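J.: got a predicted structure here, sequence first:
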Amino acid sequence: MPLTLIISSHVAASRVGGSAQAQALAAFKADAMVVPTVLYGRHPGWGPPGGAAVPVEAIDGMLDGIEANGLFAQTDLVLTGYFASAPQIRAAARAIDAVRAAPRDIGARKPFVIVDPTMGDLGKGLYVPGDVAEAITADLVPRADLVCCNAWELERLTGAPSRTPTEALAAARMLGKPVVVSSVQREHEIGVVYADRREAWLAAHQRAEKAPNGTGDLLSALYGAAVLDGLAPSYALARAVGGVAETISAAHMWKASELPLVAMAQRLKATSPHVRMERLA
């Protein structure tokens with residue numbers, strides 16, 4: 001079975017961060033090792049979250065324990081998300097390097113690293129300390145095989161506007177990495193753009209008035225699952241965005257305040273008829 005290393009938040013009562021990603025990946029029979037950066041009771045969007053950041057010494061110790069069991073050599077996917085401090089980010093960067101350097105069997109797939117530069121959003125601005133944003137940019141983005149961000153974060157990383165599909169494509173190619181960028185706007189639709197040096201795609205669907213927190217975490221996990229399944233970028237994008245769109249729709253239908261990840265486990269594996277695919281380049 002595929003094995004994923006997730007370095008991100010653990011939030012007990014909200015379907016966000018690394019714990020939510022592990023739930024989503026379980027639907028694809030992918031095991032997850034979750035190294036938490038914070039231990040919160042709820043998402044900060046609800047108010048004071050409770051809990052605290054995890055000391056970097058504890059994070060280093062957890063990563064050392066995983067490595068000591070030979071599991072870095074078996075890691076197929078690395079997901080990074082929310083960080084509370086720059087030293088935590090440097091610990092994650094060291095872990096990524098160690099995963100890539102770990103000896104593997106001949107013919108074994110190389111680990112794939114997805115970095116979600118969790119630092120801010122439209123209307124909120126930067127919601128992590130400045131040194132955390134700088135460390136993400138300096139230490140994690142260069143190590144990514146794929147950057148999975150929202151449009152505001154792509155604008156911060158590149159200095160270029162990223163709100164429309166055309167703008168997002170141009171900004172993504174400035175970054176010089178394959179990018180999945182969410183919260184891209186076009187009239188009544190909201191979409192996600194995938195772009196690399198060779199091709200670019202838009203997956204768009206009707207904009208919802210409001211969505212529970214955690215859709216970005218879910219998107220990166222579902223795209224990672226598609227990579228593990230060997231899907232081409234366009235199919236990976238369609239399935240991942242479809243899973244997010246259907247989960248948001250189910251949350252509205254059930255009046256759920258959190259993403260219903262367990263209830264939607266089987267639906268996460270299929271594309272959605274409500275998602276429109278368009279080739280951009």
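T.: That came in fine, so what should we check first?

J.: need the strands for this protein, in chain order.
T.: 3-11, 31-40, 51-53, 77-80, 112-115, 120-121, 125-126, 146-150, 179-186, 189-195, 200-206, 276-279 (DSSP state E).

J.: for these, which one sits closest to Ile66?
T.: Closest approach to Ile66 among those is made by strand 31-40 (5.8 Å; C-beta to C-beta). C-betas here are computed from N, CA, C, even on glycine.

J.: list the residues that contact the spatially most central residue of the chain.
T.: Taking C-alpha atoms, centre = their mean, the centroid of the chain lies closest to Ser220, which sits 3.0 Å from it. Contact analysis of Ser220 by C-beta atoms under 8 Å, 6 or more residues apart in numbering lists 21, 79, 81, 114, 116, 148, 180.

J.: reformat those as JSON lines; add distance to Gly125 and pLDDT.
T.: Shown next, in JSON lines, are these (distance: C-beta to C-beta, whole Å; pLDDT from 0 to 100):
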{"residue": "Gln21", "distance to Gly125": "25", "pLDDT": "98"}
{"residue": "Leu79", "distance to Gly125": "24", "pLDDT": "98"}
{"residue": "Gly81", "distance to Gly125": "19", "pLDDT": "98"}
{"residue": "Ile114", "distance to Gly125": "24", "pLDDT": "98"}
{"residue": "Asp116", "distance to Gly125": "18", "pLDDT": "98"}
{"residue": "Cys148", "distance to Gly125": "20", "pLDDT": "98"}
{"residue": "Val180", "distance to Gly125": "22", "pLDDT": "98"}
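
J.: show the buried residues in those residues.
T.: Listed as buried from those are 21, 79, 81, 114, 116, 148, 180; burial here means 16 or more other C-beta atoms under 10 Å.

J.: of these, which is the nearest to Trp46?
T.: Gly81 (18.1 Å).

J.: could you pull up phi and psi at the closest residue to Ser14 other than its chain neighbours?
T.: Closest residue to Ser14 apart from its sequence neighbours, by C-beta to C-beta, 6 or more residues apart in numbering: His43 at 3.9 Å. The phi and psi values for His43, taken as degrees, to the nearest 10, are phi -70, psi 140.

J.: quick one: His43 and His10 touch, right?
T.: No: His43 is beyond contact range of His10, at 11.6 Å (criterion: C-beta atoms under 8 Å).

J.: wait, Gly224 touches Leu25, no?
T.: Yes: using C-beta under 8 Å, Gly224 is in contact with Leu25, at 7.3 Å.

J.: now for the two: what residues contact both?
T.: Thr4.

J.: which one of the two is surrounded by more residues?
T.: Neighbours were counted for Gly224 and for Leu25 using other C-beta atoms under 10 Å; Gly224 has more, 29 against 24.

J.: where exactly do the helices run in this structure?
T.: Under the criterion DSSP state H, the chain contains helices at 17-26, 56-68, 86-101, 130-135, 151-158, 165-175, 215-228, 233-253.

J.: just the angle between the fifth one and strand 179-186, please?
T.: Orientation check (axes from the mean of the first three to the mean of the last three C-alpha atoms, to 10 degrees): helix 151-158 against strand 179-186 gives 130 degrees.

J.: what's in contact with helix 151-158?
T.: Identification of contacts with helix 151-158 by C-beta under 8 Å, 6+ apart yields 117-122, 126, 133, 137, 141, 147, 149, 160-163, 168, 171-172, 174-175, 179, 181-185.

J.: just the shortest one next, same as before
T.: The contact list for helix 130-135 (C-beta under 8 Å, 6+ apart) reads 83-86, 89-90, 117, 119-120, 126, 156.
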